[in-house]
Structures are given as structure tokens and as C-alpha cells.
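S.K.: Dropping the sequence and predicted coords here.
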Amino acid sequence: MNDGRRFSGFLIEKNALEVIIRVAGIRTTLKADAVDKVEVLPPLLERYMELRKAIDDNDADQLIRLVDWLVARREFDLALTELNALLQRQPTHGSAIRARQNVVRQIELRDKARAAQAAKDAEAARQGPPAAAPTPGGAPAGDPVAEPPHTAPAFEPFPYLQPEDINLIRVFEIDLTRPPRFEVPRETIAALLDRYAGHPALPTSREGREGVFRLPPREQLDLLFRVRARDLYAQVRVVEPPDSIRLFRDEIQRGWLIASCATTACHGGADAGRLVLASKRPAADPALYTNFYILSKFKLADGTPLIDFQNPDRSPLLQMGLPREGASSRHPPVLRATATGGAPKDAWSPTFRTRDDRRFQAAIDWIKSLHQPRPDYALRYTPPRPFEAPAPSPKPAPGER
């Protein structure tokens, strides 16, 4: 303002007479002649990333201030991610413990409110829309011609993996030396012995076949894998995520993928290019496993996989998060128009400071934890955009039309 005061909120309208913003949910009108200037801030996630880069991982006081900043903007999932990481490094930090308890309560309240609203919406949908009141001229009030056109991005609604897909990925990623909790139904073992009778890994005697039913679940699943009874994998019920999925959740999805790559200005928006990531409710399994699957299958325009499973540190996914100088795969510019209408500026900034960055090294550990050789999940999933770039059109021969 001209008198030195500053207001921060959501800009609703700006004209020659007034500037209208919403501050803490309250509509606030300011006279235009009292306003010195209006500055449009970058998206919240970008401001968070800039603030986070300036804070050392062990500076607990500054990190808790950052958490408070996130909570004030209702970014509870990001706040919880920061607190979980801080408490891994400093497990007895009292302020962090109390802040985490508060954030968890806020998430529970938010999720309950969302569930209640979803139930309300489902009930409204079940009952059907109310009858439209006639308008002057006889057209119903809800006539589509009276509605403003709305164009959604090409990948909306976002295609998430289904629960059966998620379970199958869990099965394939199980490390039998450190398995999560899972169940192999009795009928699955019966089908194995019936469909694959004669396989050298299966017993032929009655006693031996009956003994398979009494094996521990880990040995039963090992038998399924050795027989390669892929048609039965989906019947295994995996109760909790395997180590590789847990690492992806904690170190990749929560650690930097959502805040750095899946923003609306990057791979979570309409201008994402071919690599489109799920960004809504990132802590939920559908977004978590969908992003896991997309990253594991995606290929660059030249056919290079986004993840190099043999040389994890060379993965374009990680190299593109490094400063461009010295990176073997450089992230392309992310151009954004300026408020003054000048030439667009490159809004991209690196995710990792160096190869020694803790998050870079954690990403390498995650890739190494994945099952090798990489399995073909054989999911019937259509991504928002193709995993592979289309082949270039052949040049026409001379004289060809």
C-alpha cells in the first residue's frame, strides 16, 4: 500500500477503482488509488521449494518454521513429510514431535471432511439432479447452451491404477528375504497344484501335495514364483507395501517428486508434455502406485528409459534433477510468462544440489531395492500420455504426394 502496509491473499479482481483479494477466507476490498503495487507470487509449491533449499536438513528451528508456514496454507501432507524426515534425524526433538501430532490431527480432520463430502456428493448423484426450473422463453435453467464452456486438460480425469493393479505390483516387488505381510489363499494353492501338475518344482505324491498347504506363506509364494504361475499372482493378498514401495513413498514421492516434479507448472499440469504425474492426494495409494508405475515405464524421446536400473545414478530421472552444468541428462527449460509481458523466463530449478545430496543418494538406494530383473506387470493401464514418443513420420519420396 502507499502507507507501507502489505496484504497477502488470493487476488479476485483488479480494476481502475479497486483491488479485491481474499485474506484468510475474508473478501477484502482496497481502493486502487491507495495501492502502490500488486505483485503476483509464484505458485505455493515453488515458493516452498525455494524456502526449503535455503534451510539445512539439520536446522530444526527453521524447518519447524517452514512447517508452520505450510500448515497455515493447509499443505498438511508436505508438512508431515518435513516432520517425518526431521524426526528420523532428530527423533527426540520435542517441538517436532508436538508439531507432528498437530499435523496428523489436521490431516485426520481434513480426510473426515472429505469423506463426508464425498458421501454427500454420492448421495446427491444417486438421487439425480433436481428438476430444472423453466426460464423466460421456455428453456430449462440448466440447458447446456446457457453454461459457459469448460475445457479440461486432455488427461483429466487422471487415470489411476485400480486396487487390483496395486496389489499385483506389490506381489511382483516382494523381496522374499524381507517380505511384507501377505496371504496366499488355500484355493490359490489348490489351483497351483491342479493347473501346473507335472511341473518339476511341485510334488507328485499325495503327501507332498498336502504338505504344500502347510508351508509358510513365504515358501508358498516362492513356489508360485518358481513355477511362474502368473495367472495366480493376483490372488495373493499383500497387506502392506514391500520395501521398494515404502522407499518410493517416503524418499521419492514425499521427499521431492510431488514438490519438485508434479506441480501444476511442471509435470502435474496441462503443459506437462508426455510425462504426466498424479498430484492430487499424493499420500493415497492410487497416486503413489500410479506415479511409481509411470516412472518405471516412461521413456524419453530417443527411447532411453527414465530409470537406469543397472546404473541408478545415471538415470535421467535423477540427472535431470541436478544443476544442468555437468548433468548427463539436462532438464529442458520450463518457460513462464512474466508479469510485465516481457520474454518468458526459465522457472526451472534443480531438485538436488549435488550428487552427494541425501535425497539423490536415497533415490539411488530406492532404485537398487527394486526387484531384478524388472518384471512385466502386464497391467491394462492407459497412461495420460504415451510412455514412448511416437516414431517420426517418414520423409516423403521425391514427387510423392
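M.R.: Arrived safely, thanks for sending.

S.K.: For the rest of this, base every contact and every neighbour count on C-alpha atoms.
M.R.: Fine.

S.K.: shaky segments in the stretch 251-400 of the chain?
M.R.: Within the stretch 251-400 of the chain, the stretches with pLDDT under 70 are 265, 270-271, 337-342, 391-400.

S.K.: where do the helices sit along it?
M.R.: All helices of the stretch 251-400 of the chain, identified by DSSP state H, counting those that start in this stretch, fall at 285-297, 316-319, 358-369.

S.K.: Mind pulling up the pLDDT for P200?
M.R.: Residue-level confidence at P200 comes out at 95, pLDDT.

S.K.: gap between it and L192?
M.R.: From P200 across to L192, the span is 13 Å (Cα to Cα, to the nearest Å).

S.K.: higher neighbour count, the two?
M.R.: Comparing P200 with L192 by other Cα atoms under 10 Å, the one with more neighbours is L192, at 18 against 10.

S.K.: For that one, list the residues it contacts.
M.R.: Going by Cα atoms under 8 Å, 6 or more residues apart in numbering, L192 touches 224, 229, 232.

S.K.: Which parts of the stretch 201-350 of the chain are strands?
M.R.: 237-238, 335-336, 345-346 (DSSP state E, counting those that start in this stretch).

S.K.: for the stretch 1-150 of the chain, same thing?
M.R.: Using DSSP E, counting those that start in this stretch, strands in the stretch 1-150 of the chain cover 10-14, 18-23, 26-31.

S.K.: closest one to T351 among the ones you listed?
M.R.: Among the strands of the stretch 1-150 of the chain, the nearest to T351 by Cα to Cα is strand 10-14 (27.4 Å).

S.K.: Which positions within that closest one qualify as buried?
M.R.: By neighbour count on 16 or more other Cα atoms under 10 Å, the buried set for strand 10-14 is 10-11.

S.K.: Just give the strands next to that strand in its sheet, each with its orientation.
M.R.: With DSSP bridges as the test, strand 10-14 is paired with strand 18-23 (antiparallel).

S.K.: Check what contacts the strand it pairs with and list those residues.
M.R.: Here strand 18-23 makes contact (Cα under 8 Å, 6+ apart) with 7-14, 27-33.

S.K.: likewise stretch 344-364?
M.R.: Residues outside stretch 344-364 that contact it (Cα under 8 Å, 6+ apart): 248, 251-252, 255-256, 260, 312-313, 318, 320-324, 333-338.

S.K.: same deal with stretch 33-50?
M.R.: Residues from elsewhere that reach stretch 33-50 (Cα under 8 Å, 6+ apart): 1-3, 17-18, 70, 259-260, 263, 339.

S.K.: same question for it, mean pLDDT?
M.R.: Averaging pLDDT along stretch 33-50 yields 80.
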